[in-house]
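> below are the sequence and a predicted model for it; my questions follow.
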Amino acid sequence: MRRNARKNIIYSIVLLTAIILVYLWRNRDTSEIKLADTQVVPGKIYLAGQTMGTTYKVTYLDEENRDLQSAIDSLLRVFNQSLSTYIPDSELSKFNQGDTIDFNLPFLLPVLETSRTVYENTNGAFDPTVGPLVNIWGFGPTGPELKDSVDIKLMLGSVGFDKIDFDQKQLRKKSPGIYLDFSAIAKGYGSDVIADFLKSAGITDFLVEIGGELVANGVNEKGELWKVGINRPEESANASELISIIALQNRGMATSGNYRNFYMRDSVKISHTINPATGYPVNHSLLSATVLAENCMLADAYATAMMVMGKEKALALDSALSEIDVFLIYDDGNGGYKTFASENLKPYLSFLQED
(Lines give C-alpha, C1' and ligand atoms only; values in the text may rest on other atoms or scores of the structure.)
Protein backbone atom coordinates (compact mmCIF):
# COMPACT_ATOMS: atom_id res chain seq x y z
CA MET A 1 0.00 0.00 0.00
CA ARG A 2 2.80 2.42 0.87
CA ARG A 3 4.54 1.55 -2.39
CA ASN A 4 1.42 2.50 -4.36
CA ALA A 5 1.09 5.71 -2.38
CA ARG A 6 4.68 6.59 -3.16
CA LYS A 7 4.06 5.94 -6.86
CA ASN A 8 1.01 8.19 -6.79
CA ILE A 9 2.92 11.00 -5.11
CA ILE A 10 5.86 10.70 -7.49
CA TYR A 11 3.41 10.82 -10.40
CA SER A 12 1.74 13.92 -8.96
CA ILE A 13 5.05 15.72 -8.46
CA VAL A 14 6.22 14.84 -11.98
CA LEU A 15 2.89 16.02 -13.36
CA LEU A 16 3.13 19.30 -11.45
CA THR A 17 6.67 19.99 -12.58
CA ALA A 18 5.75 19.09 -16.16
CA ILE A 19 2.95 21.67 -16.08
CA ILE A 20 5.39 24.31 -14.85
CA LEU A 21 7.92 23.44 -17.55
CA VAL A 22 5.26 23.60 -20.28
CA TYR A 23 4.13 26.99 -18.99
CA LEU A 24 7.68 28.33 -19.02
CA TRP A 25 8.33 26.94 -22.51
CA ARG A 26 5.21 28.56 -23.92
CA ASN A 27 6.07 31.87 -22.27
CA ARG A 28 9.80 31.80 -22.89
CA ASP A 29 11.71 34.84 -24.05
CA THR A 30 13.22 33.94 -27.41
CA SER A 31 15.95 36.54 -26.92
CA GLU A 32 19.12 35.79 -25.00
CA ILE A 33 18.43 34.02 -21.71
CA LYS A 34 19.44 36.03 -18.66
CA LEU A 35 21.40 33.80 -16.30
CA ALA A 36 21.87 34.13 -12.55
CA ASP A 37 24.13 36.98 -11.49
CA THR A 38 26.87 34.85 -10.00
CA GLN A 39 27.46 32.36 -12.80
CA VAL A 40 31.22 32.23 -13.40
CA VAL A 41 31.67 28.89 -15.14
CA PRO A 42 30.00 28.09 -18.50
CA GLY A 43 27.36 25.46 -17.85
CA LYS A 44 27.26 26.14 -14.11
CA ILE A 45 24.13 27.94 -12.93
CA TYR A 46 23.67 29.53 -9.52
CA LEU A 47 20.22 30.66 -8.37
CA ALA A 48 19.07 32.19 -5.09
CA GLY A 49 15.79 33.43 -3.68
CA GLN A 50 13.43 33.67 -0.72
CA THR A 51 11.10 31.00 0.63
CA MET A 52 9.67 29.76 3.94
CA GLY A 53 10.97 32.80 5.79
CA THR A 54 14.55 32.01 4.76
CA THR A 55 16.66 31.74 1.60
CA TYR A 56 17.23 29.06 -0.98
CA LYS A 57 20.30 28.45 -3.12
CA VAL A 58 20.51 26.12 -6.08
CA THR A 59 23.65 25.30 -8.05
CA TYR A 60 23.53 22.96 -11.03
CA LEU A 61 25.48 22.00 -14.14
CA ASP A 62 23.62 22.34 -17.41
CA GLU A 63 25.21 22.41 -20.87
CA GLU A 64 22.12 24.24 -22.14
CA ASN A 65 22.61 27.04 -19.59
CA ARG A 66 18.92 26.96 -18.68
CA ASP A 67 17.72 29.43 -16.10
CA LEU A 68 15.05 27.55 -14.11
CA GLN A 69 14.50 30.18 -11.43
CA SER A 70 10.92 31.01 -12.46
CA ALA A 71 9.98 27.34 -12.41
CA ILE A 72 11.58 26.80 -9.00
CA ASP A 73 9.84 29.87 -7.57
CA SER A 74 6.51 28.66 -8.96
CA LEU A 75 7.03 25.21 -7.51
CA LEU A 76 7.90 26.64 -4.09
CA ARG A 77 4.81 28.84 -4.13
CA VAL A 78 2.62 25.78 -4.67
CA PHE A 79 4.58 23.92 -1.99
CA ASN A 80 3.97 26.71 0.52
CA GLN A 81 0.30 26.87 -0.43
CA SER A 82 0.12 23.31 0.84
CA LEU A 83 2.30 23.28 3.96
CA SER A 84 2.74 26.82 5.30
CA THR A 85 1.29 27.79 8.67
CA TYR A 86 1.88 31.45 7.77
CA ILE A 87 -0.49 31.41 4.77
CA PRO A 88 -4.07 31.58 6.13
CA ASP A 89 -5.63 29.65 3.23
CA SER A 90 -2.93 26.99 2.81
CA GLU A 91 -4.06 23.37 3.00
CA LEU A 92 -2.37 22.99 6.36
CA SER A 93 -3.89 26.18 7.77
CA LYS A 94 -7.35 25.09 6.65
CA PHE A 95 -6.86 21.77 8.43
CA ASN A 96 -5.64 23.49 11.60
CA GLN A 97 -8.70 25.75 11.54
CA GLY A 98 -11.11 22.87 10.90
CA ASP A 99 -11.05 19.13 11.46
CA THR A 100 -10.81 17.48 8.02
CA ILE A 101 -9.21 18.23 4.66
CA ASP A 102 -9.06 16.45 1.32
CA PHE A 103 -5.68 16.37 -0.41
CA ASN A 104 -5.68 18.69 -3.43
CA LEU A 105 -1.92 19.20 -3.78
CA PRO A 106 0.75 16.47 -3.86
CA PHE A 107 2.75 17.49 -0.78
CA LEU A 108 0.70 16.94 2.35
CA LEU A 109 0.38 13.15 2.16
CA PRO A 110 4.14 12.42 1.75
CA VAL A 111 5.09 14.67 4.68
CA LEU A 112 2.46 12.94 6.83
CA GLU A 113 3.77 9.49 5.90
CA THR A 114 7.38 10.42 6.63
CA SER A 115 6.36 12.13 9.88
CA ARG A 116 4.60 8.97 11.01
CA THR A 117 7.68 6.86 10.28
CA VAL A 118 10.02 9.14 12.22
CA TYR A 119 7.47 9.60 15.03
CA GLU A 120 7.34 5.82 15.49
CA ASN A 121 11.11 5.29 15.17
CA THR A 122 11.88 8.00 17.77
CA ASN A 123 9.15 7.11 20.28
CA GLY A 124 7.44 10.41 19.67
CA ALA A 125 10.50 12.69 19.86
CA PHE A 126 9.56 13.98 16.41
CA ASP A 127 5.95 15.11 16.55
CA PRO A 128 4.43 17.75 14.22
CA THR A 129 1.45 18.16 16.59
CA VAL A 130 3.73 19.99 19.03
CA GLY A 131 2.83 23.16 17.10
CA PRO A 132 0.67 24.79 19.83
CA LEU A 133 3.53 24.49 22.31
CA VAL A 134 6.00 25.86 19.76
CA ASN A 135 3.67 28.85 19.39
CA ILE A 136 3.21 29.30 23.14
CA TRP A 137 6.98 29.37 23.69
CA GLY A 138 7.39 32.06 21.03
CA PHE A 139 8.58 30.28 17.89
CA GLY A 140 5.38 30.31 15.83
CA PRO A 141 3.72 32.76 13.41
CA THR A 142 2.44 35.14 16.13
CA GLY A 143 5.49 35.45 18.40
CA PRO A 144 5.67 34.76 22.16
CA GLU A 145 2.34 33.78 23.72
CA LEU A 146 3.55 32.35 27.03
CA LYS A 147 1.67 33.72 30.00
CA ASP A 148 1.68 32.76 33.66
CA SER A 149 -1.85 31.41 33.27
CA VAL A 150 -0.88 28.93 30.53
CA ASP A 151 -1.22 25.32 31.68
CA ILE A 152 1.44 23.35 29.80
CA LYS A 153 0.22 20.01 31.13
CA LEU A 154 -3.30 20.75 29.94
CA MET A 155 -2.00 21.65 26.50
CA LEU A 156 -0.21 18.29 26.27
CA GLY A 157 -3.65 16.74 25.88
CA SER A 158 -3.70 18.16 22.34
CA VAL A 159 -0.26 16.82 21.42
CA GLY A 160 0.33 13.43 19.83
CA PHE A 161 0.66 12.32 16.22
CA ASP A 162 -1.63 9.40 17.04
CA LYS A 163 -4.45 11.95 17.44
CA ILE A 164 -4.73 12.37 13.65
CA ASP A 165 -5.74 9.88 10.99
CA PHE A 166 -5.18 9.91 7.24
CA ASP A 167 -5.48 7.77 4.14
CA GLN A 168 -4.64 8.39 0.48
CA LYS A 169 -7.33 11.04 0.08
CA GLN A 170 -7.99 12.78 3.38
CA LEU A 171 -6.54 14.00 6.69
CA ARG A 172 -8.71 13.96 9.82
CA LYS A 173 -8.50 14.93 13.49
CA LYS A 174 -9.39 12.28 16.05
CA SER A 175 -9.78 14.90 18.76
CA PRO A 176 -10.30 18.69 18.67
CA GLY A 177 -7.49 21.15 19.22
CA ILE A 178 -4.90 19.32 17.11
CA TYR A 179 -2.56 21.70 15.30
CA LEU A 180 0.02 20.49 12.80
CA ASP A 181 3.28 22.34 12.17
CA PHE A 182 5.79 20.92 9.68
CA SER A 183 8.40 23.66 10.10
CA ALA A 184 10.86 21.05 11.43
CA ILE A 185 10.66 19.07 8.20
CA ALA A 186 9.38 21.44 5.49
CA LYS A 187 12.71 22.97 4.43
CA GLY A 188 14.20 19.51 3.98
CA TYR A 189 11.15 18.37 2.04
CA GLY A 190 11.26 21.52 -0.09
CA SER A 191 14.88 20.77 -0.97
CA ASP A 192 13.80 17.29 -2.11
CA VAL A 193 11.02 18.74 -4.23
CA ILE A 194 13.45 21.06 -6.04
CA ALA A 195 15.89 18.16 -6.47
CA ASP A 196 13.15 16.01 -8.04
CA PHE A 197 12.25 18.90 -10.33
CA LEU A 198 15.86 19.28 -11.50
CA LYS A 199 16.05 15.55 -12.20
CA SER A 200 12.81 15.75 -14.22
CA ALA A 201 14.48 18.48 -16.29
CA GLY A 202 17.38 16.14 -17.06
CA ILE A 203 19.83 17.75 -14.64
CA THR A 204 21.91 15.24 -12.68
CA ASP A 205 24.63 17.35 -11.05
CA PHE A 206 23.30 19.82 -8.48
CA LEU A 207 23.33 21.12 -4.93
CA VAL A 208 20.08 22.41 -3.42
CA GLU A 209 19.85 24.25 -0.10
CA ILE A 210 16.89 25.76 1.75
CA GLY A 211 17.69 27.38 5.08
CA GLY A 212 20.70 25.11 5.62
CA GLU A 213 19.01 21.84 4.61
CA LEU A 214 20.67 20.30 1.56
CA VAL A 215 20.36 17.78 -1.23
CA ALA A 216 23.36 16.89 -3.38
CA ASN A 217 23.43 14.81 -6.53
CA GLY A 218 26.26 13.96 -8.87
CA VAL A 219 29.38 16.13 -8.86
CA ASN A 220 30.44 19.77 -9.12
CA GLU A 221 32.17 21.43 -12.07
CA LYS A 222 35.50 19.92 -10.97
CA GLY A 223 34.10 16.40 -11.08
CA GLU A 224 34.21 16.16 -7.28
CA LEU A 225 31.49 15.44 -4.74
CA TRP A 226 29.72 18.56 -3.48
CA LYS A 227 31.27 19.71 -0.21
CA VAL A 228 29.28 21.38 2.56
CA GLY A 229 30.38 22.75 5.92
CA ILE A 230 29.20 22.25 9.48
CA ASN A 231 29.36 25.41 11.57
CA ARG A 232 30.94 25.66 14.96
CA PRO A 233 28.18 25.49 17.63
CA GLU A 234 28.66 29.07 18.79
CA GLU A 235 26.10 31.87 18.68
CA SER A 236 28.67 34.34 17.32
CA ALA A 237 30.19 32.02 14.71
CA ASN A 238 29.75 33.15 11.10
CA ALA A 239 29.22 30.97 8.06
CA SER A 240 32.96 30.63 7.41
CA GLU A 241 33.75 29.23 10.86
CA LEU A 242 33.48 25.49 10.31
CA ILE A 243 34.12 22.52 12.52
CA SER A 244 34.03 20.05 9.62
CA ILE A 245 33.37 19.62 5.91
CA ILE A 246 31.27 16.79 4.51
CA ALA A 247 31.46 15.47 0.96
CA LEU A 248 27.82 14.78 0.14
CA GLN A 249 27.18 11.88 -2.23
CA ASN A 250 23.64 11.68 -3.61
CA ARG A 251 22.03 12.26 -0.23
CA GLY A 252 20.09 14.75 1.81
CA MET A 253 21.63 16.46 4.84
CA ALA A 254 20.03 18.51 7.60
CA THR A 255 21.35 20.14 10.75
CA SER A 256 19.42 21.10 13.87
CA GLY A 257 20.89 23.00 16.79
CA ASN A 258 19.96 25.02 19.86
CA TYR A 259 22.84 27.47 19.96
CA ARG A 260 21.24 30.20 17.80
CA ASN A 261 17.44 29.98 17.75
CA PHE A 262 16.60 30.92 21.31
CA TYR A 263 15.74 33.87 23.55
CA MET A 264 16.30 34.79 27.19
CA ARG A 265 13.42 35.01 29.68
CA ASP A 266 14.10 35.85 33.32
CA SER A 267 17.79 34.98 32.74
CA VAL A 268 16.78 31.55 31.41
CA LYS A 269 17.70 30.43 27.89
CA ILE A 270 14.55 29.31 26.03
CA SER A 271 15.42 26.92 23.20
CA HIS A 272 13.24 26.56 20.09
CA THR A 273 13.32 22.76 20.46
CA ILE A 274 10.25 21.73 22.45
CA ASN A 275 10.01 18.24 23.94
CA PRO A 276 6.58 16.82 22.97
CA ALA A 277 6.61 14.61 26.08
CA THR A 278 7.04 17.44 28.60
CA GLY A 279 5.88 20.53 26.72
CA TYR A 280 9.03 22.42 27.73
CA PRO A 281 12.18 23.47 25.84
CA VAL A 282 14.94 20.89 25.99
CA ASN A 283 17.95 21.31 28.25
CA HIS A 284 20.80 18.87 27.59
CA SER A 285 24.39 18.67 26.34
CA LEU A 286 23.68 18.08 22.64
CA LEU A 287 24.45 21.29 20.75
CA SER A 288 23.99 20.25 17.15
CA ALA A 289 22.80 17.21 15.22
CA THR A 290 23.58 16.72 11.53
CA VAL A 291 21.86 13.81 9.81
CA LEU A 292 22.44 12.34 6.34
CA ALA A 293 19.74 10.20 4.73
CA GLU A 294 18.44 9.13 1.33
CA ASN A 295 16.39 12.32 1.21
CA CYS A 296 16.42 15.62 3.06
CA MET A 297 12.92 15.26 4.47
CA LEU A 298 14.03 12.23 6.49
CA ALA A 299 17.30 13.90 7.47
CA ASP A 300 15.46 17.03 8.65
CA ALA A 301 13.00 15.07 10.77
CA TYR A 302 15.65 12.88 12.40
CA ALA A 303 17.90 15.88 13.13
CA THR A 304 15.00 17.55 14.94
CA ALA A 305 14.22 14.35 16.85
CA MET A 306 17.82 14.01 17.99
CA MET A 307 17.82 17.53 19.38
CA VAL A 308 14.77 16.55 21.42
CA MET A 309 16.30 13.24 22.53
CA GLY A 310 19.73 14.46 23.61
CA LYS A 311 23.15 12.90 23.12
CA GLU A 312 22.73 9.38 24.55
CA LYS A 313 19.41 8.63 22.87
CA ALA A 314 20.67 10.16 19.63
CA LEU A 315 23.66 7.80 19.70
CA ALA A 316 21.32 4.87 20.33
CA LEU A 317 19.14 5.90 17.39
CA ASP A 318 22.18 6.10 15.14
CA SER A 319 23.07 2.54 16.11
CA ALA A 320 19.53 1.31 15.54
CA LEU A 321 18.95 2.83 12.08
CA SER A 322 21.15 1.85 9.17
CA GLU A 323 19.51 4.36 6.84
CA ILE A 324 21.02 7.41 8.54
CA ASP A 325 24.49 8.71 9.38
CA VAL A 326 25.05 11.40 11.97
CA PHE A 327 27.53 14.03 13.08
CA LEU A 328 26.87 15.24 16.62
CA ILE A 329 28.44 18.14 18.51
CA TYR A 330 27.98 18.13 22.27
CA ASP A 331 29.09 20.04 25.35
CA ASP A 332 32.11 18.43 27.01
CA GLY A 333 31.18 19.82 30.43
CA ASN A 334 34.30 22.00 30.59
CA GLY A 335 33.29 24.94 28.44
CA GLY A 336 34.22 23.25 25.18
CA TYR A 337 32.66 20.66 22.93
CA LYS A 338 33.31 17.24 21.42
CA THR A 339 32.08 15.47 18.31
CA PHE A 340 30.78 12.09 17.24
CA ALA A 341 30.53 10.77 13.67
CA SER A 342 28.98 7.57 12.38
CA GLU A 343 31.59 5.14 11.08
CA ASN A 344 30.13 5.20 7.56
CA LEU A 345 30.38 9.00 7.51
CA LYS A 346 34.02 9.35 8.54
CA PRO A 347 35.50 8.75 5.04
CA TYR A 348 33.48 11.75 3.80
CA LEU A 349 34.61 14.07 6.61
CA SER A 350 37.51 16.50 6.69
CA PHE A 351 38.69 18.98 9.32
CA LEU A 352 36.94 16.85 11.90
CA GLN A 353 37.69 17.98 15.44
CA GLU A 354 39.11 15.00 17.25
CA ASP A 355 37.65 13.97 20.60
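Sure thing, it's come through. Numbering: from 1, shown residues only.
> do you know how far the residue nearest to Met297 when sequence neighbours are not counted is from Thr100?
Closest residue in space to Met297, ignoring its immediate chain neighbours: Tyr189 at 4.1 Å, by C-beta to C-beta, 6 or more residues apart in numbering. In this view, the C-beta of every residue, glycine as well, is placed from N, C-alpha and C. Using C-beta to C-beta, to the nearest Å, Tyr189 is found at 22 Å from Thr100.
> assign the residue nearest to Met297 to helix, strand or coil.
Under the three-state scheme (DSSP: H, G, I helix; E, B strand; the rest coil), Tyr189 adopts helix.
> what's the spacing between it and Ala277?
Counting by C-beta to C-beta, the gap between Tyr189 and Ala277 amounts to 24 Å.
> any stretches of the stretch 51-200 of the chain with poor pLDDT?
Counting by pLDDT under 70, the stretch 51-200 of the chain has low-confidence residues at 139-150.
> can you map out the helices along it?
69-83, 91-97, 108-121, 131-136, 152-155, 186-200 (DSSP state H, counting those that start in this stretch).
> need those in CSV with mean neighbour count and distance to Lys346, can you?
Compiled in CSV, the helices of the stretch 51-200 of the chain are given as follows (neighbours: other C-beta atoms under 10 Å; distance: least, C-beta to C-beta, whole Å):
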stretch, mean neighbour count, distance to Lys346
helix 69-83, 19, 34
helix 91-97, 18, 39
helix 108-121, 19, 23
helix 131-136, 22, 34
helix 152-155, 12, 41
helix 186-200, 24, 23
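> looking at those helices, which is closest to Leu286?
In terms of C-beta to C-beta, the element of the helices of the stretch 51-200 of the chain nearest to Leu286 is helix 108-121, at 17.2 Å.
> ok and the closest one relative to helix 186-200, angle-wise?
130 degrees (axes from the mean of the first three to the mean of the last three C-alpha atoms, to 10 degrees).
> distance between the ends of stretch 180-187?
Taking C-alpha to C-alpha, to the nearest Å, stretch 180-187 runs 15 Å from one end to the other.
> again with stretch 122-137
The first and last residues of stretch 122-137 sit 23 Å apart, counting by C-alpha to C-alpha.
> for Lys163, see how far away Asn275 is.
From Asn275 to Lys163 the distance is 17 Å (C-beta to C-beta).
> and the residue nearest to Met297, how far from Ala195?
Separation of Tyr189 from Ala195 (C-beta to C-beta) stands at 10 Å.
> mutual contacts of those two, please.
Residues touching both Tyr189 and Ala195 by C-beta atoms under 8 Å, 6 or more residues apart in numbering: Cys296.
> pick out whichever of Asn275 and Lys163 has more residues nearby.
Asn275 (21 against 16; other C-beta atoms under 10 Å).
> dihedrals phi and psi, the more buried one?
In terms of degrees, to the nearest 10, the main-chain angles of Asn275 are phi -80, psi 120.
> without its sequence neighbours, what residue ends up closest to Gly177?
Ser158 (3.8 Å).
> verify the contact between the one you found and Ser175 for me.
Yes: using C-beta atoms under 8 Å, Ser158 is in contact with Ser175, at 7.3 Å.
> Asp167 - how many residues pack around it?
11.
> about what we covered before: Ser158 and Ser175: who's more crowded?
Remark: of Ser158 and Ser175, Ser158 carries more neighbours, 18 against 12, as counted by other C-beta under 10 Å.
> if I look at the residue nearest to Lys199 when sequence neighbours are not counted, what pLDDT would I see?
Distances taken as C-beta to C-beta, 6+ apart place Asn217 nearest to Lys199, at 7.3 Å, with adjacent residues excluded. With respect to pLDDT, Asn217 scores 98.
> got it, and Asp266?
Taking Asp266 on its own, its pLDDT is 51.
> then Ser271?
pLDDT at Ser271 comes out at 59.
> ok, Gly279 next?
On the pLDDT scale, Gly279 gets 89.
> looks like it contacts Leu133 (just checking).
Yes: with contact defined as C-beta under 8 Å, Gly279 counts as touching Leu133 (5.2 Å).
> give me the common contacts of those two.
152, 155-156, 159.
> not counting residues beside it along the chain, what's closest to Asp331?
Ser285 (4.2 Å).
> and the one you found, what is it in contact with?
So Ser285 contacts 310-311, 330-331, 333 (C-beta under 8 Å, 6+ apart).
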